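Chemist: Below is the sequence, then the predicted model.
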Amino acid sequence: MSHIIKHARPDCRVVYNDFDHFCERLANVGRTNEMLHALRPIVAEIPHKMRIVEPVRSAVLAEVLRWHKSGFVDWITISSNLLFVMNYVGSYEEFAKMTFYNRVRVVDYDVSGYLEGVEIVSMDYRPLFDMFRENEDVVFILDPPYLSTDCSTYNSSDYWRLSDYLDVLKCLQGTNYVYYTSSKSSIVELAEFISRTDLRDNPFKGATIYKHPVKGIALNYEDMMLVKTAA
C-alpha cells in the first residue's frame, strides 16, 4: 500500500513501517529467483497446482534444505510456491512437515523500483503513531492482522493478541485514517458492542483458570476453563 500511495501521489511523504522486515525479502529477491530456477525442473512433471508426491517431494525437500543451509530463505514466498493456498511457514522444520503442491511461478519476481521514494522505518507502531498524531495533514493507513485469522507469519509469535487488536483502535480516534479488515473479522461488531455496553470491569477478575494443552499435526493451543463463585 505504501508503494501504491507513493506511486499515485509522488508529492506526498510516505512513511512505511516495515515491522516484519519485508525489505529483507525484497533485498533477497535475486536469491529467491535463483532458488525457484533450481526447483522448476524438479517439479516439471507435476501438473500445476497438483500435489507433489514421492519421489519428487523428497527431491524438493533436499533442494530447499540445500538453500536453507547456504543462507537466507524467504519462507513466505517459498510457501506461496510450494504449499497449499494461504499456508505459510517460517522455518525449514515447519516446511518439512507440510504437504507440497506445484504452485511454482514460471517467471521471476521483479521488484524494480518497488518502494522507491518511500521512507522506511522498522519499529512498534505505537511510538511511530505518537510521532505524527498531532499533525492534521497525516492520513494513517492501518492494516493490522485480521481478527480470527492466522498471525503465525508475523515478527513475533506472541505479538498480535486480542489486546493488540483492540489497542490499535486507539489510533482511529480523532485522526484521518484508512483501516483495513475483512468479513472474517468481528472487530467492527466488537467495537459496536463496546460503545453500547455498560460492562466496565473485567468479568474474569478473580476467576480461577484451568488450562489443558491441545496438540496435533496442525494444532497447538490451550483449552481454558474459568471458574468463579458469585460474591
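Modeler: That came through, no problem.

Chemist: And the helices in this structure?
Modeler: Per DSSP state H, the chain carries helices over the ranges 2-8, 22-27, 29-39, 56-70, 75-82, 92-96, 125-132, 162-167, 187-196.

Chemist: Single out the most deeply packed of the ones you listed.
Modeler: For those, average neighbour numbers computed from mean count of other Cβ atoms under 10 Å are highest in helix 75-82, which has a mean of 20. For glycine as for every other residue, the C-beta is placed from the backbone atoms N, C-alpha and C.

Chemist: Restrict that one to CA atoms and write it as PDB.
Modeler: Output of helix 75-82 as PDB, limited to C-alpha atoms (Å, rounded to 0.1, in the frame of the first residue of the first chain):
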ATOM      1  CA  TRP A  75       9.900 -18.800   3.600                       C
ATOM      2  CA  ILE A  76       6.800 -16.700   2.900                       C
ATOM      3  CA  THR A  77       7.500 -16.700  -0.800                       C
ATOM      4  CA  ILE A  78       8.600 -20.300  -0.900                       C
ATOM      5  CA  SER A  79       5.400 -21.200   0.900                       C
ATOM      6  CA  SER A  80       3.300 -19.500  -1.700                       C
ATOM      7  CA  ASN A  81       5.100 -21.500  -4.400                       C
ATOM      8  CA  LEU A  82       5.100 -24.900  -2.800                       C
END
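
Chemist: Distance from the chain centre to it, please.
Modeler: Its chain's C-alpha centre and that of helix 75-82 lie 13 Å apart, by Cα atoms, centre = their mean, to the nearest Å.

Chemist: Low-confidence bits of this protein, can you list those?
Modeler: Regions of the chain meeting the criterion pLDDT under 70 cover residues 147-159, 217-219, 231.

Chemist: Mind listing the residues bridging to the nearest residue to C23 once chain neighbours are set aside?
Modeler: Leaving aside its sequence neighbours, C23 sits nearest to I120 (Cβ to Cβ, 6 or more residues apart in numbering; 6.1 Å). Assessed by DSSP bridges, I120 has beta-bridge partners Y16.

Chemist: Surely I120 touches H21?
Modeler: No: look at I120 against H21 with Cβ atoms under 8 Å: they stay out of range, at 10.4 Å.

Chemist: Reformat the helices of the chain into a markdown table and put distance to H48 next to each item.
Modeler: Converted to a markdown table, the helices of the chain look like this (distance: least, Cβ to Cβ, whole Å):
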| stretch | distance to H48 |
| --- | --- |
| helix 2-8 | 28 |
| helix 22-27 | 24 |
| helix 29-39 | 13 |
| helix 56-70 | 14 |
| helix 75-82 | 11 |
| helix 92-96 | 20 |
| helix 125-132 | 38 |
| helix 162-167 | 37 |
| helix 187-196 | 36 |
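
Chemist: So for N220, which of those helices sits nearest?
Modeler: With Cβ to Cβ as the measure, helix 92-96 is the member of the helices of the chain nearest N220 (11.3 Å).

Chemist: Could you pull up the residues touching the residue nearest to C23?
Modeler: Taking Cβ atoms under 8 Å, 6 or more residues apart in numbering as the contact definition, I120 lies against 15-16, 18, 23.

Chemist: sorry, back to before: of the helices of the chain, which is nearest P145?
Modeler: Nearest of the helices of the chain (Cβ to Cβ): helix 162-167, 7.8 Å.
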